[in-house]
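> Fold the following.
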Amino acid sequence: MFEPSERVIYSDILKPEDGFEIDFAICTTYSLDLAALLLSAISIAGFRYATSDETLNDPLALLKSLRDIKDKFVVFCQDNRIIDSGKDNLLVGLLGKTIVTVHPKKGSFHPKVWVVRMKNENEVRFRFACLSRNLTFDKSWDMAIVLDGTLGEKEKYDDLKRLISDLISMSKDQLDAAQQAKMAIIQKELPRVRFIPPDDFSDDINFIHCSSEKSLFSRLRGSFNRMLVISPFITRSALERLSKKVYDPARNFFLISRKDELDALRKKEANTDMKTILAELAKVLYLNDDYGFDEYGNEKENVLHGLHAKVILAQSGHDVFVFSGSANATSRGMEGNNYEFMVRLACNRRDYYPQNIIETGPLASLTIAYDVKGQLPETDDLDRRLSDELNHMKDTIIELCDSIEVEEKEGEYTCYLLFKETRNLNGEAFCWPLGSSEAQAIRIGKEDDSKRMYLGKVDKAKISAFVAFTCAVTIEGKTKREKFVVKLPIINDPQGREELLLCYIVNDKEHFLRYILMLLGEITGVYHGQQSQSSKKNSHETFSTQDYMLSLSVEDLLECFARYPERFNKIENFVKDLRTHKESAQVIPEEFASVWNTFEQLLKEKHG
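Got it, this is the predicted structure:
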């Protein structure tokens with residue numbers, strides 16, 4: 001479980017089992033990168049690329065994926081933690097419906113889980129993934145527990161039922177009727193799932209929903225012989241409470257964290273004339289920062305660096321309990337201030353004993369002993385003050401933003417940002433509609449009585465629920481900047497934005513035919529230019545996309561239609577959407593149109 005070479009590829013979590021398709025998926029994350037969400041959509045839709053850059057640079061694959069699965073998943077995230085590392089990707093505008101922003105009354109929305117409902121004609125299965133990683137491109141060392149299961153008769157997991165119930169409640173009317181119906185089905189079924197434990201672990205699986213009503217501390221019942229805590233962020237109060245659950249913590253309590261976090265804790269303790277709690281623990285370690293770099297200081301490929309995993313290994317006799325998920329060893333994470341989610345597994349293997357994990361196990365080569373009496377590095381609190389001020393400014397902007405208003409006049413669209421009240425900002429801020437260029441950013445006045453701010457004229461296809469911001473604060477001559485994204489409701493949202501977006505992506509006959517090949521690829525194996533068997537037997541040369549598509553005979557397509565007629569509905573909808581605009585209709589080749597007329601008639605007969 002802790003071996004660096006044993007990794008879970010994020011996209012594999014979203015890959016359905018053989019013979020199944022994803023019916024609906026729910027994701028929760030603290031931070032959300034819209035570009036990473038696009039990649040998740042690609043994974044759910046079934047595309048496989050070698051690199052994320054290759055994926056994000058294929059707008060046709062992204063377009064197809066989003067059209068295929070836009071009604072099949074929803075993502076819940078903290079409202080002030082959305083970013084977009086992509087390069088002005090127009091397709092993020094299609095993600096508005098899939099994202100639900102959450103602002104808890106207390107603390108942060110911090111769980112990181114995937115709930116995936118899969119089905120075929122005869123059976124429903126579930127996958128539950130509990131992670132420490134957000135839906136971003138962060139390369140830190142994280143943990144993931146992935147469990148598959150089938151439906152049972154009786155409810156077994158109240159915490160899973162509570163999780164879905166809370167998400168529905170937190171959505172605050174952001175879910176449409178179809179999403180609510182899917183969530184209701186999962187709320188009913190998920191507690192009944194019989195999950196299969198990972199190898200070496202018993203079927204004693206516990207799901208732990210952590211909130212103000214039920215903290216993680218309350219679920220750590222009893223005392224333990226030994227304990228290993230792995231956490232990138234720590235507080236003295238949390239470590240004190242955890243260490244009290246261990247017999248003789250000076251010999252049996254082990255901690256792995258970040259070096260800068262350990263330094264910061266000691267500095268806080270020194271400022272209050274307190275003896276450091278770290279000196280009362282058996283071993284204090286930090287992740288070797290050089291692990292992800294070669295001898296010349298260059299970053300190694302595909303090697304993780306930096307700590308982000310959150311794990312507690314608690315040994316009681318011969319039994320070991322592994323708690324993993326989103327909660328840090330902090331007062332906010334452990335005492336119920338944040339909304340968190342964890343999974344607890346159980347085993348009785350000696351190699352999972354906390355002491356063995358750090359002394360002879362896989363973590364021995366990844367960690368360095370921390371000198372609890374060593375000299376602290378010289379630091380000032382300017383960076384912390386800048387971060388605090390910047391976060392306050394972000395929170396102020398998000399609280400002030402109300403909605404996006406769209407005005408249409410003679411075919412031109414103008415967007416305005418509406419505020420709930422007049423604004424008074426202590427720093428510099430710019431904003432622009434996401435999908436437009438940052439060069440068009442408008443400065444937000446520090447003091448402005450107007451509750452309506454002009455964002456500029458925007459192409460209809462580029463209108464979305466997202467507004468991008470850059471903020472900057474300056475203290476003592478030093479400036480810190482941050483870019484983030486806010487999702488807002490749209491007033492006067494124009495109809496047909498998605499159809500018009502097709503004009504930008506499918507803008508010539510070559511793109512049109514390649515997109516059709518992708519749709520056919522689901523049933524004929526022509527994804528990524530791979531030809532179907534029926535066409536290969538007549539092929540003696542390399543075709544261009546257009547040549548190959550037009551080489552498919554009516555017999556080829558009739559064979560596909562006879563086996564999978566419902567898949568042709570996607571082609572029908574695609575062609576129909578293109579024909580709604582004169583410009584996009586022109587990309588449909590006459591040769592294809594003449595062949596397609598036959599199938600339009602067949603589909604009409606099938607639909608009655």
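> Tell me how many other residues crowd the closest residue in space to Val124 that isn't next to it in sequence.
Closest residue to Val124 apart from its sequence neighbours, by CB to CB, 6 or more residues apart in numbering: Leu151 at 5.7 Å. Placement of C-beta: from N, CA and C, glycine included. Leu151 has 13 neighbours, counted by other CB atoms under 10 Å.
> Check Ala327 too.
29.
> Also Leu14?
Counted by other CB under 10 Å, the residues lying close to Leu14 total 24.
> Kindly report the same for Lys409.
Count around Lys409 with other CB under 10 Å applied: 8.
> Report pLDDT for it.
Per-residue pLDDT puts Lys409 at 93.
> now do Ala329
For Ala329, the model assigns a pLDDT of 97.
> So the residue nearest to Val124 versus Phe20, what's the distance?
Leu151 sits 13 Å away from Phe20, going by CB to CB, to the nearest Å.
> tell me, what's touching these two both at once?
Arg125 (CB atoms under 8 Å, 6 or more residues apart in numbering).
> What distance do you get for Lys451 to Ile491?
Taken as CB to CB, the span from Lys451 to Ile491 is 13 Å.
> list the residues that contact both of the two?
With CB under 8 Å, 6+ apart as the test, Lys451 and Ile491 both reach Leu418.
> Okay, and the beta partners of the closest residue to Phe466 other than its chain neighbours?
The shortest distance from Phe466 to any non-neighbouring residue, by CB to CB, 6+ apart, is to Leu434 (3.8 Å). Counting by DSSP bridges, Leu434 is bridged to Ser436.
> shouldn't Leu434 be in contact with Ile82?
No: the criterion here is CB atoms under 8 Å, and Leu434 misses it with Ile82 at 9.7 Å.
> These two: which is more packed in?
Leu434 (27 against 23).
> who touches the more buried one in this structure?
Counted by CB under 8 Å, 6+ apart, Leu434 has contacts Leu34, Asp84, Val92, Gly93, Ser464, Phe466, Val467, Ala468, Val485.
> Please produce a markdown table containing those residues, extended by neighbour count, distance to Gln187 and pLDDT.
Shown next, in a markdown table, are the contacts of Leu434 (neighbours: other CB atoms under 10 Å; distance: CB to CB, whole Å; pLDDT from 0 to 100):
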| residue | neighbour count | distance to Gln187 | pLDDT |
| --- | --- | --- | --- |
| Leu34 | 24 | 27 | 92 |
| Asp84 | 23 | 31 | 88 |
| Val92 | 23 | 29 | 85 |
| Gly93 | 20 | 30 | 85 |
| Ser464 | 26 | 30 | 92 |
| Phe466 | 21 | 28 | 95 |
| Val467 | 20 | 32 | 95 |
| Ala468 | 22 | 34 | 94 |
| Val485 | 21 | 29 | 95 |
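> List the ones among the residues you listed that fall in strands.
Phe466, Val467, Ala468, Val485 (DSSP state E).
> on that earlier part again, what's the overlap in contacts for Leu434 and Ile82?
Common contacts of Leu434 and Ile82 (CB under 8 Å, 6+ apart): Leu34, Phe466, Val485.
> Tell me how far the closest residue to the last one other than its chain neighbours lies from Ile69.
Using CB to CB, 6+ apart and skipping residues adjacent in sequence, the residue nearest Val485 is Ile82, 4.2 Å away. Using CB to CB, one obtains 20 Å as the distance from Ile82 to Ile69.
> ok, now Ser11?
Taking CB to CB, one finds Ser11 at 14 Å from Ile69.
> which residues touch Arg579?
So Arg579 contacts Ala585, Ile588 (CB under 8 Å, 6+ apart).
> Then Glu21?
Met118, Lys119, Asn120.
> hey, what's it bridged with?
Applying DSSP bridges, one finds that Glu21 bridges with Lys119.
> likewise Ile196?
With DSSP bridges applied, Ile196 shows beta-bridge pairing to Asp148.
> which parts of stretch 266-284 are buried?
Arg266, Glu269, Thr276, Ile277, Leu278, Leu281, Ala282, Lys283, Val284 (16 or more other CB atoms under 10 Å).
> Count the neighbours of Glu153 for me.
Neighbourhood size, Glu153 [other CB under 10 Å]: 7.
> Give me the below-cutoff pLDDT ranges for the stretch 501-608 of the chain.
522-554, 607-608 (pLDDT under 70).
> meant to ask about the stretch 51-200 of the chain, not that
Regions of the stretch 51-200 of the chain meeting the criterion pLDDT under 70 cover residues 51-55, 87-88.
> can you give me the strands for it?
For the stretch 51-200 of the chain, the strands defined by DSSP state E, counting those that start in this stretch cover 73-78, 82-83, 99-102, 113-119, 124-131, 144-151, 193-196.
> which of the residues in the fifth one are buried?
Read it as strand 124-131. Arg125, Phe126, Arg127, Phe128, Ala129, Cys130, Leu131.
> Tell me what the last one is bridged to.
Counting by DSSP bridges, Leu131 is bridged to Ala144.
> pretty sure it is touching Gly325, no?
Yes: counting by CB under 8 Å, Gly325 is a contact partner of Leu131 at 7.5 Å.
> Which neighbours do these two have in common?
Lys112, Val113, Ile145.
> care to break this structure down by domain?
The record's domain parsing of the chain by automatic domain parsing lists 10-196, 214-369, 387-494, 506-607.
> Perfect, that will be all.
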